[in-house]
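Q: Any chance you can model this:
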Amino acid sequence: MEQFLLDNAARHQMLVQRFKPPRQKTGSKSKTTPSNITVVTRVRPISSEEESSGQVVAVFPRSDSSGAVDLHELRRVVRGFPPLISSSFRPGKVFGADVQTKIIYDDVVHSLIPWAWDGNVGTLFAYGQTGSGKTFTVRGIEHLVAQSLFDGTLEGERNIYLAIFELAGNSAYDLLNARASFPVREDHLGTTQLVGIQEFQIGSTSELLALLDTANELRKSAPTVKNDGSSRSHAVCRIRFERPSQEPGRDGILYLIDLAGSEAARDVFSHSTERMKETREINMSLSVLKDCIRSMPGMDKGDGPAPSKAYIPFRQSTLTKVLKHLFDPSESRQCRTTVIACINPSFLDTGASKNTLRYAEMLCQSQPALK
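A: A predicted model of the protein is given here:
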């Protein structure tokens, strides 16, 4: 299939140029976006290596204000010329290939810092196919967060503590303690605890950046078909804001999460047994995350009667145990979340891009229920 697409790259481009987006339906009501979750999509630029190999762009954010994204793929047929099949998605706010990380940060991430500083929980996570730019995006955001924490704009005093860990399958490793393993458990109150993880008190941007660099060097990565340095784990940066002892209120927490990339079957065909096992574990944990979101109370499931109490399978994955605060109705913490769906624009990856765009749409539809 890949060679078929490369052989027909010129036809793909010609048909895309002729494409005219369908008119928007008038009178349709869009769901209002609540203040506790923001879903955005980032389409990365096509790389020079991809262009030199004959790949072309297949994912196009619309230039109007509709927030739609058009994806184009060629269909292989027995006779005649391959037709162009176009799909449209509404995956939240869309940032095109020319948008820098700083703009995304200022628009949808920066507000999480004062929110967590005041004793609440802020969460950012990026997801998408391997090689779609997740780690690049999260690393850029981490550096911007480090600058914002010490630029003098936050009111009051806090002790700032940092922990960075990775989740691989059902195992957790402390990236600031030589990848020492530790358990993730629930206490008697149902609160998720990272048992034995080391926290470091930080007092400057340079200290935070140095620890981020240390953790990044210890994160598990390996070459895959899609990426020479693919992250083979979910990386979680947790920043805790401790109030002075005389000040009432709970500690705030900011999570910055770089999810491991999902991969399709064709991407893992030539992988070793170890790589294939890792891929199954990654895809399983991402699937459980989807199931947890779909099971959230209040999510629109159609015209049928809703169950009185939905079952949320967060205990099936270490990732969803850590993210329990997002979708568990028994959680008392106030949460705000920013989700960045990262897209590879190449026409060789439309299958994975469609899955990511559908996931972003699902998150948008679940917004009234997400904490």
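Q: For the rest of this, base every contact and every neighbour count on C-alpha atoms.
A: Noted.
Q: Tell me which stretches of the stretch 101-250 of the chain form strands.
A: Along the stretch 101-250 of the chain, counting by DSSP state E, counting those that start in this stretch, strands occupy 121-128, 159-168, 171-174, 180-182, 184-186, 192-194, 200-202, 221-222, 230-231, 234-242.
Q: Minimum distance to residue 261: which of the ones you listed has it?
A: Distance to residue 261, taken as Cα to Cα, is lowest for strand 121-128 among the strands of the stretch 101-250 of the chain, at 5.7 Å.
Q: Output the lowest mean pLDDT helix or strand found in this protein.
A: helix 265-268 (a mean of 49; mean pLDDT, DSSP states H and E).
Q: Quick check: next helix or strand after it?
A: Counting by DSSP states H and E, the element after helix 265-268 in chain order, helix or strand, is helix 273-294.
Q: what helices or strands is that next one leaning on?
A: Applying 3 or more Cα pairs under 8 Å, 6 or more residues apart in numbering; DSSP states H and E, one finds that helix 273-294 contacts strand 159-168, helix 265-268, helix 318-322.
Q: buried ones in that helix?
A: 275-276, 278-286, 288-289, 292-294 (16 or more other Cα atoms under 10 Å).
Q: what's the closest of the helices and strands packed on helix 273-294 to residue 56?
A: Using Cα to Cα, the nearest of these to residue 56 is helix 265-268, at 18.7 Å.
Q: which residues are in contact with stretch 139-150?
A: 101, 102, 105, 110, 113, 204, 205, 208, 209, 256 (Cα atoms under 8 Å, 6 or more residues apart in numbering).
Q: again, 10 Å this time
A: Stretch 139-150 has contacts (Cα atoms under 10 Å, 6 or more residues apart in numbering) with 100-102, 104-106, 109-110, 112-114, 117, 124, 134-135, 138, 154, 160, 203-209, 212-213, 216, 237, 256-258.
Q: Could you give the average pLDDT over that stretch?
A: Averaged over stretch 139-150, pLDDT sits at 97.
Q: Next, the buried residues of it.
A: For stretch 139-150, by 16+ other Cα under 10 Å, it's 139, 141, 142, 143, 144, 145, 146, 147, 148, 149.
Q: any chance of these in JSON lines, with distance to residue 72 too?
A: Listed next are these as JSON lines, based on distance: Cα to Cα, whole Å:
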{"residue": "139", "distance to residue 72": "30"}
{"residue": "141", "distance to residue 72": "30"}
{"residue": "142", "distance to residue 72": "33"}
{"residue": "143", "distance to residue 72": "35"}
{"residue": "144", "distance to residue 72": "34"}
{"residue": "145", "distance to residue 72": "36"}
{"residue": "146", "distance to residue 72": "39"}
{"residue": "147", "distance to residue 72": "39"}
{"residue": "148", "distance to residue 72": "39"}
{"residue": "149", "distance to residue 72": "42"}
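Q: which of those residues lies closest to residue 61?
A: Closest to residue 61 out of the buried residues of stretch 139-150 is residue 141 (22.3 Å), distances taken as Cα to Cα.
Q: I'd guessed residue 61 sits against residue 98; true?
A: No - using Cα atoms under 10 Å, residue 61 is not in contact with residue 98; the gap is 11.3 Å.
Q: ok, these two, which is more surrounded?
A: residue 61 (23 against 10; other Cα atoms under 10 Å).
Q: Report the beta-bridge partners for the nearest residue to the more buried one once chain neighbours are set aside.
A: Residue nearest to residue 61 in three dimensions, not counting chain neighbours: residue 69, with 4.3 Å by Cα to Cα, 6 or more residues apart in numbering. Counting by DSSP bridges, residue 69 is bridged to residue 61, residue 89.
Q: distance of residue 46 from residue 84?
A: Distance from residue 46 to residue 84, counting by Cα to Cα, to the nearest Å: 20 Å.
Q: Also residue 133?
A: With Cα to Cα as the criterion, residue 133 and residue 84 are 26 Å apart.
Q: related to what we said a few turns ago, among the buried residues of stretch 139-150, which pair sits farthest apart?
A: 139 and 149 (15.6 Å).
Q: Give the closest residue to the residue nearest the centre of the chain in space, chain neighbours not counted.
A: Nearest to the geometric centre of the chain sits residue 126, at 1.9 Å (Cα atoms, centre = their mean). Nearest residue to residue 126 in three dimensions, chain neighbours excluded: residue 340, at 4.6 Å (Cα to Cα, 6+ apart).
Q: where's that neighbour, which helix or strand?
A: strand 335-343.
Q: same question for that strand, mean pLDDT?
A: 94.
Q: got the angle between the very next helix or strand once past it and strand 121-128?
A: Per DSSP H and E, the first helix or strand lying C-terminal to strand 335-343 is helix 350-365. If you take axes from the mean of the first three to the mean of the last three Cα atoms, to 10 degrees, helix 350-365 sits at 160 degrees to strand 121-128.
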